[in-house]
Structure formats: C-alpha cells, structure tokens
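Participant: Just need the structure, nothing else, for what follows:
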Amino acid sequence: MEKRVKQELLNAAVSDVKEPLHSKLRQQLRKLILDKFEHNQRFFSERELLRKFKISQLTVRRSLTDLVQEGCLINSARRGYFVCKKTEIKSVGAFIPAQPSEVYGTMPEFLDSIASECRARDYPLHVYYTHPDDSVKALMDGVRDNPLNERLLLCRQPLGVLVKLNNQLEKAGYTTIALGSGLESEYTGRFVGIDHECEVNLVIDHLLGLGHEQIMFLINEPESLAVIKARLAAIKRRIARDDLKGVKITWCGTKLNEDSFAAAHREMQKIVSLKPRPTAIVPISGGGAWAAFKFLILNNFKIPKQFSLVSFDDVSGSDLLPIPLTSVRMDMKALVEPAVESLWSNQRSSPLLLVKPHLVIRESTGRPS
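Facilitator: Below you'll find the model as predicted:
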C-alpha cells in the first residue's frame, strides 16, 4: 500500500476515535481491515498507530492482540502485522426468540425459510435462541465466528433488546440486518419487515368491497409490542384518511405476558351486544382471531352470515377450521430472501425494505346479511 494512502486511512480512523478507548480503537482498526486491506497485506505497525492515535502503547498493543486472536491479523515477530482474509467461509447467524408468538405466526416456518435461503447459497447457519432474561453480553458471547466469517440476522426481537444488541454487535465489527415488524420509525439499523399499511388496506378494502359498513378492530394484544403498535397506527391513519365512521376500534387492555386469547374471548361478549352491531370483526392477531372464532361458534353465531371474521396472521391450521379463516399472509421467502441476500452482498442495500403481504380469502368472510 502506498505511503500516502496509508496516511489517509490513518487520518480517517483518527477522526472517528475521539476517545482513547481500547474497544473503539479495535473497532476502527477492524473496519479498516474489512474495508481497505487485502489478504496477506502488511498492516500498520505499532509505532505508526502510536504516532497517529497518540494513545498509550498498552491500548494499541491490546487492540492488535485482540485482532490477532480474532483471526483478522497475523503477527510475525520480525516482519510486523499482516492481514488475514484467507478463509472463504461465509456463515449466517440468526438470533431468534425461543418462545413462539401468536402475533407472528409459526416460528418453525420462519426458521425453515432462513435455513432454505442459507442452503441455496452454501452459507452455514448458526441459530442463537434468545430468552427475555438474556443479557446482551451473554447473547454476544454465544456468537460462534468472527466478523470476517459470520454476519447476523436479528429476528423478531423486542425493540429495546434489538437496539442494544445491534449497537454492541456493530461495535464488535459484525454486519447485521433486523428481520421483524413495526420498527420502521424507531430502528435506525438495516431492516427488512412487513408493510403494515398494505396489510391494513388489504383487510379494509376487502370488507368494504363486500359491503360491510360496521367493522370492529379488536386489540387483544399489548400495544407495547412493535407489530401491534404499527398495525394500530395504520388502522387509525386509514380511518382518518377516508373518514370511515363505521370502522371502530376496541381495546382489551392486555398487558405483556397476559393471555391475549382469553382477553379476546372475553371482549367478544361486549362486541356482539353492541347496537348497532358490527358485521365484521378483525382481531389484531392470529390468536385473537381464533378466540373470536371459538366464541362465535360456541354461541351459535353464523360465520359469515352474521359476522365476517378476518385474521391478521395466517396461523397454521387456519385453512383447516370448520369455516376456514380469511387471513393476511406474509410469504416468508419474500421476507427472508432479501435479508439473507443482502448480508453478504458487496453492494450496500437500502437501510429499509418493506415487503407487501397478500390476503388469502376463505369462507369466513362474505356479504353482510
């Protein structure tokens, strides 16, 4: 590397390291290795780094030692440090909640889609299951490979956990993409998610097209969940935009870790007693739709003659019910493929990609009587 170019790289790195902290220096040096150096190319000497960063020898030496242990550098006692990029292994790590969610549908289908996309590209897949009480440090310690060989999908994590985990992973040099829902306005990292405006419009347009004027959205899940917050905001925008006076929203007041199925089942008694009574009911989650279905069947209401019912999530088995549920379905391949593809792409993708779902129309919806 030309002396002038090396000088420019050092100057750029110095401008980013405002505090002489070991972790920040290591982060900047790792970024230089990943972006600017080729395999077996001589890296900066300890003396060069000391002169430019004006920090202690111990801090510089610790950073270089860590990069050697990570496999980013090779230390030749007589010749100095050399960049190591000889491995061609490209792996994908996926952080996935251990506990399934009725809001998102079936986790096995989601994981199968990730595994399928990785197999198609010969990427080894490492799955890291997350639990509510896991610390960010514990999650990071579980990552199997270094940033040169492994890039990470952060799948369906709570917003607070996602932000903290992504920040620490990026500091450690990892490339990440979040896969989830409802994060568009609050998450600043790279993100692939569901277009909630589209799914709400699909539901409302379908019901209006059948002639329904009285439609009830049932919020049976905690509003603190990102996906619920996003869906609810999209519903309110559509009601306001088109002045849909007959489209109403009812809340169950469900808290985190409360039984949202039971909450929806209880609220249904109030809904069917309203005057005027809605002719279509749309719970905010797949679990809520199944609860509403159970209530209507047990109380001898006719679906869809008396009540049309729509599910926001095409939960496995929705097509096998005695009256199959009309449901919003997200093609997992359409959601997962661009995320896996972008992880190891040489071209920087857009920081935000929203994928449009589609409506699967079944026998639970029909014209109001």
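Participant: Can you show me the strands along the stretch 251-369 of the chain?
Facilitator: 280-283, 308-311, 326-329, 352-355, 358-360 (DSSP state E, counting those that start in this stretch).
Participant: With the stretch 101-250 of the chain instead?
Facilitator: 125-130, 150-155, 176-180, 191-194, 215-219, 247-251.
Participant: quick one: which of these is nearest Phe110?
Facilitator: Ranking the strands of the stretch 101-250 of the chain by proximity to Phe110 (Cβ to Cβ) places strand 150-155 first, at 7.1 Å. C-beta: built from backbone N, CA, C; applies to glycine.
Participant: what's the closest one packed up against?
Facilitator: strand 91-97, helix 107-120, helix 159-171, strand 176-180, helix 332-343 (3 or more Cβ pairs under 8 Å, 6 or more residues apart in numbering; DSSP states H and E).
Participant: could the strands of the stretch 101-250 of the chain go into a markdown table alongside mean neighbour count and distance to Pro278?
Facilitator: As requested, the strands of the stretch 101-250 of the chain are exported to a markdown table (neighbours: other Cβ atoms under 10 Å; distance: least, Cβ to Cβ, whole Å):
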| stretch | mean neighbour count | distance to Pro278 |
| --- | --- | --- |
| strand 125-130 | 17 | 38 |
| strand 150-155 | 24 | 35 |
| strand 176-180 | 24 | 31 |
| strand 191-194 | 24 | 25 |
| strand 215-219 | 24 | 4 |
| strand 247-251 | 17 | 7 |
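Participant: still on that earlier bit, would you mind giving the strands of the stretch 251-369 of the chain as CSV with distance to Trp344 and mean pLDDT added?
Facilitator: Shown next, in CSV, are the strands of the stretch 251-369 of the chain (distance: least, Cβ to Cβ, whole Å; pLDDT from 0 to 100):
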stretch, distance to Trp344, mean pLDDT
strand 280-283, 39, 98
strand 308-311, 35, 98
strand 326-329, 28, 96
strand 352-355, 16, 87
strand 358-360, 28, 97
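Participant: would CSV of these with mean neighbour count and distance to Gln27 be doable?
Facilitator: Putting the strands of the stretch 251-369 of the chain into CSV (neighbours: other Cβ under 10 Å; distance: least, Cβ to Cβ, whole Å) gives the following:
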stretch, mean neighbour count, distance to Gln27
strand 280-283, 29, 45
strand 308-311, 26, 45
strand 326-329, 23, 41
strand 352-355, 16, 24
strand 358-360, 17, 42
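Participant: mind putting those in JSON lines, distance to Leu165 included?
Facilitator: As requested, the strands of the stretch 251-369 of the chain are exported to JSON lines (distance: least, Cβ to Cβ, whole Å):
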{"stretch": "strand 280-283", "distance to Leu165": "30"}
{"stretch": "strand 308-311", "distance to Leu165": "31"}
{"stretch": "strand 326-329", "distance to Leu165": "28"}
{"stretch": "strand 352-355", "distance to Leu165": "19"}
{"stretch": "strand 358-360", "distance to Leu165": "31"}
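Participant: Go through those and name the closest to Leu153.
Facilitator: strand 352-355 (13.3 Å).
Participant: Give me the residues contacting that closest one.
Facilitator: Contacts with strand 352-355, where a contact means Cβ atoms under 8 Å, 6 or more residues apart in numbering, come from 184, 190-195, 198, 330-331, 334-335, 338.
Participant: Specify which member of those is nearest to Leu162.
Facilitator: Closest to Leu162 out of the contacts of strand 352-355 is Phe191 (9.4 Å), distances taken as Cβ to Cβ.
Participant: one step back: tell me which of the helices and strands packed on strand 150-155 sits most buried.
Facilitator: Looking across the helices and strands packed on strand 150-155 with neighbours counted as mean count of other Cβ atoms under 10 Å, the highest average goes to strand 176-180: a mean of 24.
Participant: Make TSV out of the helices and strands packed on strand 150-155 and add distance to Cys84.
Facilitator: Converted to TSV, the helices and strands packed on strand 150-155 look like this (distance: least, Cβ to Cβ, whole Å):
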stretch	distance to Cys84
strand 91-97	17
helix 107-120	24
helix 159-171	21
strand 176-180	23
helix 332-343	21
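Participant: Of all the ones you listed, which one comes closest to Ser45?
Facilitator: Per Cβ to Cβ, nearest to Ser45 of these: helix 159-171, 24.6 Å.
Participant: Output that closest one as PDB, nothing but the C-alphas.
Facilitator: Provided in PDB are the C-alpha atoms of helix 159-171 (Å, rounded to 0.1, in the frame of the first residue of the first chain):
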ATOM      1  CA  LEU A 159     -37.200  -3.100  20.200                       C
ATOM      2  CA  GLY A 160     -35.200  -2.400  23.300                       C
ATOM      3  CA  VAL A 161     -33.200  -5.600  23.000                       C
ATOM      4  CA  LEU A 162     -32.800  -5.100  19.300                       C
ATOM      5  CA  VAL A 163     -31.300  -1.700  19.600                       C
ATOM      6  CA  LYS A 164     -28.800  -2.600  22.400                       C
ATOM      7  CA  LEU A 165     -27.800  -5.900  20.700                       C
ATOM      8  CA  ASN A 166     -27.300  -4.200  17.300                       C
ATOM      9  CA  ASN A 167     -25.200  -1.400  18.800                       C
ATOM     10  CA  GLN A 168     -22.800  -3.800  20.500                       C
ATOM     11  CA  LEU A 169     -22.600  -6.200  17.500                       C
ATOM     12  CA  GLU A 170     -21.700  -3.300  15.200                       C
ATOM     13  CA  LYS A 171     -19.100  -2.100  17.700                       C
END
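Participant: Report the angle between that helix and strand 91-97.
Facilitator: 160 degrees (axes from the mean of the first three to the mean of the last three Cα atoms, to 10 degrees).
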